[in-house]
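>>> Predicted model and sequence below, questions to follow.
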Amino acid sequence: MNTLRRQRRMVVTLLLGVAVLVTLSQHSYSQFGIGLGDDDGFSVDIFQAGKTGMSLVEARRSFTLKHEHYLGRAVAANILSKYTVYKDPAANRYVTLLGQTIAAHSDMPQTFGGYLFILLDSDEVNAFAAPGGIIFITRGMLRACENEDQLAVVLAHEIAHVQGRHGIELIKDSRWKKFGANLGLLIVAGVDGGNLAPLVDVFGDMVKDIANEIMTKGYGKKLEKQADTDALTILMRVGYEPHESITLMQNMQERFVKGKKDFAKTHPKPKDRIKTIGKALKGEPEASEVPAVRVSRFDAAMSQARAQ
């Protein structure tokens, strides 16, 4: 085993063995009561950049991480209206620990409201990332994973979408124009947080754009390809075996059913992703066996969640 791979294994073992555990209760959003509420502190401080008649470019630039956080919560609420949360404490703790560890080594280790990882009780083989760091993984996707490294691949891919702010790329230009116009008017009018109807109206449109795309079409080939390659970088920073990305794609290929409502609808075909990943891994050390400890703790935490 070469020095680089030995160092990677040491890093991931240490990271998961120290006090980096962030349980769901710490970022529970009232146990997934996610949405735009009256107590969200949504006040004039987020409207400080902008002016009446701002351009499309200015509107996009004015969209802050705080905006993205609240938009993501609304998108997540939309997703949760169509799926059931899977309540398995052991599985949720494990996925959250793993996800937080991986996120800490991404290009965006912190978001405005923190990362949140939610398991969905669905047989679909899929995972979603809402803006601001809210990530969903289905039980079907857990079944496609054989070990911790492959689950890390899934989480790193979704975290890559978050760090790239890919969610806001799905917003139509017409929404940005409306957002920019209302942002300027709110500032000019000296909004004090008491009248947020225009913003909620704009967010409602943006939520429709993002939620529909995420659940029915995905982020598109370009952004999915970027997320796959960026995920490899994140995985290697933490110490996971990047070649497990290819093994996972092969597992998903076996589950590929044309027209089925799952990753086949929202992501490029696994065989195409394998080509992208293989090219990105060119020059990397050859794949090695996943350490037994990472297989055993995955099996222990996921036994119930992966059961048919």
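Cool, got the structure. Residues are numbered from 1 along each chain as shown.
>>> in what helix or strand does the residue nearest in space to the middle of the chain lie?
Centroid-nearest residue in the chain: Ala129, 3.0 Å away (criterion: C-alpha atoms, centre = their mean). Using DSSP states H and E, Ala129 maps to strand 127-130.
>>> on contacts alone, who are the packing partners of the helix or strand immediately after that strand in the chain?
Sequence order places strand 134-138 as the next helix or strand after strand 127-130, per DSSP H and E. In terms of contacts (3 or more C-beta pairs under 8 Å, 6 or more residues apart in numbering; DSSP states H and E), strand 134-138 is packed against helix 65-80, strand 116-120, strand 127-130, helix 148-163. Quick note: C-beta positions are derived from backbone N, CA and C, even for glycine.
>>> could you dump the first one to PDB, C-alpha only?
Coordinates of the C-alpha atoms in helix 65-80 are reproduced here as PDB (Å, rounded to 0.1, in the frame of the first residue of the first chain):
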ATOM      1  CA  LEU A  65     -26.400  32.300   1.300                       C
ATOM      2  CA  LYS A  66     -29.200  33.300   3.700                       C
ATOM      3  CA  HIS A  67     -31.600  33.500   0.800                       C
ATOM      4  CA  GLU A  68     -30.400  30.100  -0.300                       C
ATOM      5  CA  HIS A  69     -31.000  28.700   3.100                       C
ATOM      6  CA  TYR A  70     -34.700  29.700   3.200                       C
ATOM      7  CA  LEU A  71     -35.200  28.800  -0.300                       C
ATOM      8  CA  GLY A  72     -33.800  25.300   0.400                       C
ATOM      9  CA  ARG A  73     -36.100  24.900   3.400                       C
ATOM     10  CA  ALA A  74     -39.100  25.600   1.200                       C
ATOM     11  CA  VAL A  75     -37.800  23.200  -1.500                       C
ATOM     12  CA  ALA A  76     -37.200  20.500   1.200                       C
ATOM     13  CA  ALA A  77     -40.800  21.000   2.500                       C
ATOM     14  CA  ASN A  78     -42.000  20.400  -1.000                       C
ATOM     15  CA  ILE A  79     -40.000  17.200  -1.300                       C
ATOM     16  CA  LEU A  80     -41.200  16.000   2.100                       C
END
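>>> Find the nearest non-adjacent residue to Asp107, please.
Closest residue to Asp107 apart from its sequence neighbours, by C-beta to C-beta, 6 or more residues apart in numbering: Gln163 at 4.6 Å.
>>> What count of nearby residues applies to that neighbour?
19 (other C-beta atoms under 10 Å).
>>> quick one: the helices in the chain?
Applying DSSP state H to the chain gives helices spanning 3-15, 29-32, 56-61, 65-80, 89-103, 139-144, 148-163, 173-188, 197-216, 221-238, 244-254, 263-266, 270-280, 292-302.
>>> Give me the buried positions along the fifth one.
By neighbour count, and taking 16 or more other C-beta atoms under 10 Å as the criterion, the buried residues in helix 89-103 are 91-103.
>>> Run through the residues that contact the residue nearest to Asp107.
By C-beta atoms under 8 Å, 6 or more residues apart in numbering, the contact set of Gln163 is 106-108, 230.
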